[in-house]
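> Starting from these lines, generate the structure:
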Amino acid sequence: MTTRAGGVSVGGYESLNLGRAVADDPAAVTENRRRVAQAVGASPVFLKQVHGSTVLRLEPTHVAADADPPPADASISTDPSIACAVMVADCLPVLFAAPGAVGAAHAGWRGLAGGVLDHTVAALCEAAGTDPRSIHAWMGACIGPEAFEVGADVLQAFEVDAVHRDQPLFRFQPNEAGEPRWRADLAGLARRRLQRLGLVPAAITGGGWCTFSQPSRFFSFRHERVDGRRSGRMAAVIRLR
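Next comes the predicted model:
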C-alpha cells in the first residue's frame, strides 16, 4: 500500500497522489502512477470505484492506453503482468492472494455492507479453482475506530439494532449536540465478514493503521472535510508472481 511519500505532487497532494479526480496536476498523477507500476513490476488497473460490489476480472484489454473499464470496486487477476489496485483515502483496501490468482477490494462501509468482499472471494475461488480456506487477506490503512463516526443508517446497513448500544464493533458515543452517534470499527467488520466467508482467521492480517490520525503519512478524505486541506488518494496494489 502506498502512503503520501515518494511522488512528485505538491501542496495538499504532496507527494504520491494517485487520484485523477481531485484537481491535482494530471502530469504529476501520471508520473506517480508510473512509479507505482515500476515498484510493483506490473501494470496496475485503477478502477472506476462507486462504493458498490462489482468485481472485474482483469484482462490485457484493461491496460491498453484507451481502456475504459466499467465501474467496479474490486478486481481479480490471473496474469502476472496485470496488477489489481484499489484507491482509498479512508475506506478500507483488502488485498487477496490465492494459488494462481490475486485480488483487491475497495471496502468502505457501503461496499462492505453490500457484499464486495463476498463477491471478491467468490470470484477468486472460481478463478483459482480453490476454496476460501486457501485464501490470504491483508487489510490496509483505513479510518480507525476512534475516528470513524457514523449514524444509525450505518448500523442498519449491517443489521445492527441501534437500541442495543453496546456493540463490539460499534461503540456508542453521542456528538457535541447530543445526537446519537457511534464509532465504527471498519477493519473489524471486514475481519468478521472474511471469517464468515470461510477464510482461516490466521490468514487475515493487517488493518492496524488509521488514515485520519496520521495526516502526515496518509491521505484522508474525512480529514480534508475537517480542516479544509486538499487530499489525494493512495492505492493498495497486488500482483501475481
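> what's across from Thr205 in the sheet?
When bridges are called by DSSP bridges, Thr205 pairs up with Trp138.
> Just give me the neighbour total for it.
12 (other Cβ atoms under 10 Å). The C-beta positions use only the backbone N, C-alpha and C, and glycine is treated the same way.
> my guess is it meets Ala137, correct?
Yes - using Cβ atoms under 8 Å as the test, Thr205 is close enough to Ala137 to be in contact (7.4 Å).
> okay, and for this structure, where does confidence drop off?
By pLDDT under 70, the chain has no low-scoring segment.
> ranges for the strands of it?
Assigned strands in the chain, in chain order: 43-46, 55-57, 74-77, 82-88, 92-98, 101-107, 136-139, 149-150, 170-172, 182-184, 204-206, 234-238 (criterion: DSSP state E).
> Between those strands, which one is closest to Ala67.
For the strands of the chain, the distance to Ala67 is smallest for strand 43-46, at 7.8 Å, taking Cβ to Cβ.
> any residues touching the closest one, and which ones?
18, 33, 36-37, 56, 58, 62-63, 67, 69, 75, 77, 81-85, 87, 235, 237 (Cβ atoms under 8 Å, 6 or more residues apart in numbering).
> let's go with 10 Å and repeat that
Under the criterion Cβ atoms under 10 Å, 6 or more residues apart in numbering, residues 18-20, 33, 36-37, 56, 58-60, 62-64, 67, 69, 72, 75, 77, 79, 81-87, 104, 233, 235, 237-239 lie in contact with strand 43-46.
> Got a quick PyMOL command for the buried subset of the residues you listed?
The buried subset of the contacts of strand 43-46, as determined by 16 or more other Cβ atoms under 10 Å, is captured in PyMOL by this line:
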select buried, resi 18+19+33+36+37+56+58+62+63+69+72+75+77+79+82+83+84+85+86+87+104+233+235+237+238+239
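> Touching both of Thr205 and Ala137, which residues are there?
Common neighbours of Thr205 and Ala137 (Cβ under 10 Å, 6+ apart) are Arg191.
> got a list of what the spatially closest residue to Arg171 that is not a sequence neighbour touches?
Take Arg171 and drop its neighbours on the chain: the residue closest to it by Cβ to Cβ, 6 or more residues apart in numbering is Arg183, 4.5 Å away. Going by Cβ under 10 Å, 6+ apart, Arg183 touches 144-150, 169-173.
> so how far does stretch 162-182 reach from one end to the other?
Terminal residues of stretch 162-182 lie 9 Å apart, using Cα to Cα, to the nearest Å.
> before we move on, what about stretch 197-216?
First-to-last distance for stretch 197-216 - Cα to Cα - comes to 35 Å.
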